[in-house]
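J.: mind looking at a prediction? Sequence and model below.
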Amino acid sequence: MRIIRVSQTASTNSFLKELHREQSFKESVCVIAEQQTAGRGQKGNVWLTEPFQNLTFSVLLPDILIPLENQYQLNMQLSLGLLKSLQALNIPKLSLKWPNDIMSVSYTHLRAHETRGNL
């Protein structure tokens with residue numbers, strides 16, 4: 001998987017979508033941002049982050065096409081997998097806010113992922 005790190009972007013999802021339009025990736029790509037200034041939440045909500053306080057990333061898997069009716073189930077499974085991984089790292093008082101926000105004791109959002117269907 002190719003990993004692209006940026007210090008700041010409006011939205012990791014928008015950044016990856018535009019980059020894919022320009023370069024048409026054949027490999028899996030993950031864009032990670034230290035800060036996201038205009039991320040999108042559910043129902044048009046803005047999702048802002050503070051530098052180094054959140055996991056903000058988007059992943060493109062170009063060879064995997066997931067039918068629309070299966071995307072929510074995939075999102076739930078990935079969120080649960082990430083939650084288990086973070087629990088294994090002993091991050092305190094984790095909870096899951098569906099469909100893809102993981103909260104810690106400090107209530108910092110850890111964005112679980114974005115699936116290809118959202119791009």
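T.: Now that the structure is in, tell me what you want to look at. Keep in mind that this is a model prediction, so the values were computed, not measured.
J.: I'd like the average pLDDT over stretch 83-98.
T.: In this model, stretch 83-98 has a mean pLDDT of 85.
J.: let me redo that: stretch 36-55
T.: Here the average pLDDT along stretch 36-55 is 78.
J.: what's the span of stretch 55-65, first residue to last?
T.: Length of stretch 55-65, first residue to last, CA to CA, to the nearest Å: 25 Å.
J.: please apply the same query to stretch 48-59.
T.: End-to-end distance for stretch 48-59: 19 Å, by CA to CA.
J.: mind checking the SS state of Gly81?
T.: At Gly81, secondary structure determined by DSSP: H, G, I helix; E, B strand; the rest coil is helix.
J.: please apply the same query to Ala33.
T.: Three-state assignment for Ala33 (three-state DSSP): strand.
J.: show me where this structure has strands.
T.: Secondary structure of the chain (DSSP state E): strands at 2-9, 29-36, 39-40, 46-47, 56-60, 95-97, 101-103, 109-111.
J.: mind giving me the packing neighbours of the first one?
T.: Pointing back at strand 2-9 there. Taking 3 or more CB pairs under 8 Å, 6 or more residues apart in numbering; DSSP states H and E as contact, the helices and strands that strand 2-9 lies on are helix 12-23, strand 29-36. Every C-beta, even on glycine, is put in place using the N, C-alpha and C of the backbone.
J.: make TSV out of the strands of the chain and add mean neighbour count and distance to Met76.
T.: Formatted as TSV, these follow (neighbours: other CB atoms under 10 Å; distance: least, CB to CB, whole Å):
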stretch	mean neighbour count	distance to Met76
strand 2-9	13	25
strand 29-36	20	20
strand 39-40	20	19
strand 46-47	14	19
strand 56-60	23	16
strand 95-97	13	9
strand 101-103	18	12
strand 109-111	21	15
